[in-house]
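Enquirer: Could you work out the structure for the sequence below:
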Amino acid sequence: MTGPRFTIDRLDPATPRDWMTDAICTQTDPDRFFPDAGGGDRGLAAKRICGTCPVAAQCLQYALDNDITYGIFGGLSPNQRTRTVNSEKSRNGHPKPVHGTRTMYQKGCKNEATCPRGEDGRSCSQAQREYSAAWELRHRRAGAA
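Expert: Got it, this is the predicted structure:
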């Protein structure tokens, strides 16, 4: 176990517990939900249990709301929860980068041959080149003034 030990018994008294009493994990070995990093099944057994749990959604939301960075909660590992949060930020904050843009090029789509291209038909590489050329032109003009 790499993180702090977590069981329902150790929750803060102010934590709402109504849904937690229905959690299937309370009837199983808690060590399954805190696998050692890089070892064993990496929480696969816990994820299977979560897949049958009637309160898995509440459990996942609890882990996300409280920024719990260890253990399997709601069927997701800490890394999976981080990706979920980042995905939500993209949906709720900034739009996800799309193909045919400089941002997508910077995110890793640098192969013009395999790029699915944006709506305007530009590849991510082409968008990056156009941005760079426009940036250079702006800065040359600013330097000349």
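Enquirer: I'd like to check what contacts the longest helix belonging to the chain. Which residues are they?
Expert: As assigned by DSSP state H, the longest helix anywhere in the chain is helix 124-144. By CB atoms under 8 Å, 6 or more residues apart in numbering, the surrounding residues in contact with helix 124-144 are 99-102, 104-106, 109-112, 115, 118, 122. C-beta coordinates here come from the backbone N, C-alpha and C atoms, glycine included.
Enquirer: tell me which residues of that helix are tucked away?
Expert: Residues 124-128 are the ones in helix 124-144 that count as buried (16 or more other CB atoms under 10 Å).
Enquirer: From those, pick the one nearest Q61.
Expert: C124 (34.8 Å; CB to CB).
Enquirer: E112: what's it in contact with?
Expert: 123-126.
Enquirer: Tell me how this structure divides into domains.
Expert: 8-92, 102-144 (automatic domain parsing).
Enquirer: What average pLDDT does the first one get?
Expert: Spelled out, it's domain 8-92. Domain 8-92 carries an average pLDDT of 77.
Enquirer: How far off centre is that domain?
Expert: Put simply, domain 8-92 sits 14 Å off its chain's centre (CA atoms, centre = their mean, to the nearest Å).
Enquirer: Could you do stretch 126-138 as well?
Expert: Centroid separation for stretch 126-138 versus its chain: 31 Å, with CA atoms, centre = their mean.
Enquirer: average pLDDT for that stretch?
Expert: For stretch 126-138, the mean confidence score works out to 84.
Enquirer: Helices along the protein, start to end?
Expert: Counting by DSSP H, the helices of the chain are 44-51, 56-65, 78-92, 102-107, 124-144.
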